[in-house]
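Asker: Please find the sequence and the predicted model below.
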Amino acid sequence: FDAATTINNVTYLFRGEYYFTIYSNGSVMPKGRKISYHFIGVPGDLDAAVTTRDGITYFFKGDQYYQFGGGKGKCTPRPISSHFRNVPNNLDAAFVYSKDGLIYFVKNNKFIRFENKGKELSDYESHHLGFNLNLHNLKAAYSSKKNNYFLYDWYYFRVGEKGWPVEEPENSDDNICSSKEFDAATTISNVTYLFRGEYYFTIYSNGSIMRKGRKISYHFIGVPDDLDAAVTTRDGITYFFKGDQYYQFGGGKGKCTPRPISSHFRNVPNNLDAAFVYSKDGLIYFVKNNKFIRFENEGEELSDNESRHIGFNLHLHNLKAAFSMKSNNFFLYNWYYYRVGEQGGVQDQNNIDELLKCNN
């Protein structure tokens, strides 16, 4: 769907030039009706829609908004900036959050809270408010009966009145510091994900850490446990690797389905040790059998001299995972890690406890 909102306990789902309705008793109107017939002046192919607690509905498309209700008759376009200060154009979604009654917009995988003016929330602020979900490929959002629904390609999350996806399984008893080894790691939208077994842990850009594990299968649908490697490209596509298969998350893909590594990553071996995007050149590098494999259209195994020349002056024996964050490159081993700077070269070596703040 393009947009969604709830008006007088009826949820309206907009697609193209039509809308569909879900009533408060759960019954559904399966046949679409023309948006222009019931919402005069509102265009098709909307970006977002939201209804405030005082009953005013705003529709958004491009750099324009359309007000329905609040004493307005026919909906006429107005610039978003004229009423919604600091709110961007071409929105992804909008909704009123049941927790605080404020309007939240979504754009480029970020929440924007609107209270007199828009304020983009950091990943940490979003999680603190209860938005523990990814926004990649979010299509629409709405609130109904004190719940908040986030619609994607083929699935949805329901976030409860006080936040957090209510269907989410309990946090694991596993603590990020219960082991110093991880299977894989990658940074997505400034949040670093560390994978171990069937769980993942997160480190936010401000250094705060989610210490309890959450199920990989819940947030990365279709991705298996016990990964070999993971990497996120600069255009936001994440690849997970296990055995001879890879799983793509993002880039227009819905549920992650396995594909042979060889079908997309030519000359890249199976059963990888690690993968990361190097801050120096933006290319993907794989690690296998103590060797770096640079990927640019196809994999190329680097000699030891080539590896040192581009800044990898470190050993790879027992490397468990690697990731990039804030222009640095981290290489995780059994109990310690190396940090390689933006232009290469080991900057420091520390106990993993320091990275995970296990002694705090």
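Answerer: All right, it came through fine.

Asker: Hmm, Gln67 and Ile56 touching each other?
Answerer: Yes - the pair Ile56 / Gln67 is scored as a contact, 6.4 Å apart, by C-beta atoms under 8 Å. All C-beta atoms are positioned from the backbone trio N, CA, C, and that covers glycine.

Asker: what distance separates stretch 175-193 from the centre of its chain?
Answerer: Centroid displacement of stretch 175-193 relative to its chain, using C-alpha atoms, centre = their mean, to the nearest Å, is 15 Å.

Asker: Using CSV, write down the CA coordinates of it.
Answerer: What follows is stretch 175-193, C-alpha atoms only, in CSV (Å, rounded to 0.1, in the frame of the first residue of the first chain):
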residue,chain,number,x,y,z
ASN,A,175,24.2,-11.6,27.3
ILE,A,176,26.5,-9.9,24.8
CYS,A,177,29.4,-10.4,27.3
SER,A,178,28.6,-14.1,27.9
SER,A,179,31.1,-14.9,25.1
LYS,A,180,33.7,-12.9,23.3
GLU,A,181,33.2,-14.7,20.0
PHE,A,182,30.7,-13.7,17.3
ASP,A,183,29.8,-15.4,14.0
ALA,A,184,29.4,-12.3,11.9
ALA,A,185,29.0,-8.5,12.2
THR,A,186,27.9,-5.6,10.1
THR,A,187,26.7,-2.0,10.4
ILE,A,188,23.3,-1.0,9.1
SER,A,189,22.1,2.7,9.2
ASN,A,190,24.8,3.5,11.9
VAL,A,191,23.8,0.6,14.1
THR,A,192,26.3,-2.3,14.4
TYR,A,193,24.8,-5.8,14.6
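
Asker: quick one on the thing from earlier: compare Ile56 and Gln67 and say which is more crowded by neighbours.
Answerer: The neighbour count for Ile56 versus Gln67, taken as other C-beta atoms under 10 Å, is higher for Gln67 (18 against 15).

Asker: Walk me through which strands whichever helix or strand that one is part of pairs with, and which way each runs.
Answerer: In this assignment (DSSP states H and E), Gln67 forms part of strand 64-68. The strands beside strand 64-68 in its sheet (DSSP bridges) come out as strand 57-61 (antiparallel), strand 78-79 (antiparallel).

Asker: would you list those in JSON lines and tack on mean neighbour count, mean pLDDT and distance to His315?
Answerer: Shown next, in JSON lines, are those (neighbours: other C-beta atoms under 10 Å; pLDDT from 0 to 100; distance: least, C-beta to C-beta, whole Å):
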{"stretch": "strand 57-61", "mean neighbour count": "23", "mean pLDDT": "96", "distance to His315": "53"}
{"stretch": "strand 78-79", "mean neighbour count": "14", "mean pLDDT": "96", "distance to His315": "58"}
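
Asker: Show me where the chain dips below the pLDDT cut-off.
Answerer: For the chain, the stretches with pLDDT under 70 are 70-74, 164-174, 251-255, 360.

Asker: how's it carved up into domains?
Answerer: 3-159, 184-356 (automatic domain parsing).

Asker: Any idea how far apart the tips of the last one sit?
Answerer: Spelled out, that is domain 184-356. 15 Å (C-alpha to C-alpha, to the nearest Å).

Asker: Start the count at 43 instead of 1 going forward.
Answerer: Done: numbering now begins at 43, and the last item shifts to domain 226-398.

Asker: Show me where the stretch 293-402 of the chain has its helices.
Answerer: Ranges of helices in the stretch 293-402 of the chain, per DSSP state H, counting those that start in this stretch, are 346-351, 394-398.

Asker: my bad, the stretch 93-242 of the chain
Answerer: Applying DSSP H, counting those that start in this stretch to the stretch 93-242 of the chain gives helices spanning 122-125, 165-171.

Asker: Show me the contact partners of the first one.
Answerer: Read that as helix 122-125. Helix 122-125 is contacted by residues 102, 105-107, 129-131 when judged by C-beta atoms under 8 Å, 6 or more residues apart in numbering.

Asker: What of the longest one?
Answerer: Applying C-beta under 8 Å, 6+ apart, the set of residues contacting helix 165-171 from outside is 139, 141, 152-153, 163, 205, 231-233, 246-248, 250, 252.

Asker: And for Asn132, the neighbour number?
Answerer: Asn132 has 13 nearby residues by other C-beta under 10 Å.

Asker: Pull up the gap between it and Ala90, please.
Answerer: According to C-beta to C-beta, to the nearest Å, Asn132 and Ala90 sit 9 Å apart.

Asker: check contacts around Pro119.
Answerer: 83, 106-108.

Asker: Quick one: buried ones out of the contacts of helix 122-125?
Answerer: 102, 106-107, 129-131 (16 or more other C-beta atoms under 10 Å).

Asker: Serialize those to CSV and add fields for distance to Ser369.
Answerer: Shown next, in CSV, are the buried ones among the contacts of helix 122-125 (distance: C-beta to C-beta, whole Å):
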residue, distance to Ser369
Phe102, 35
Gln106, 38
Tyr107, 38
Val129, 30
Pro130, 26
Asn131, 30
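
Asker: Nothing else from me, thank you.
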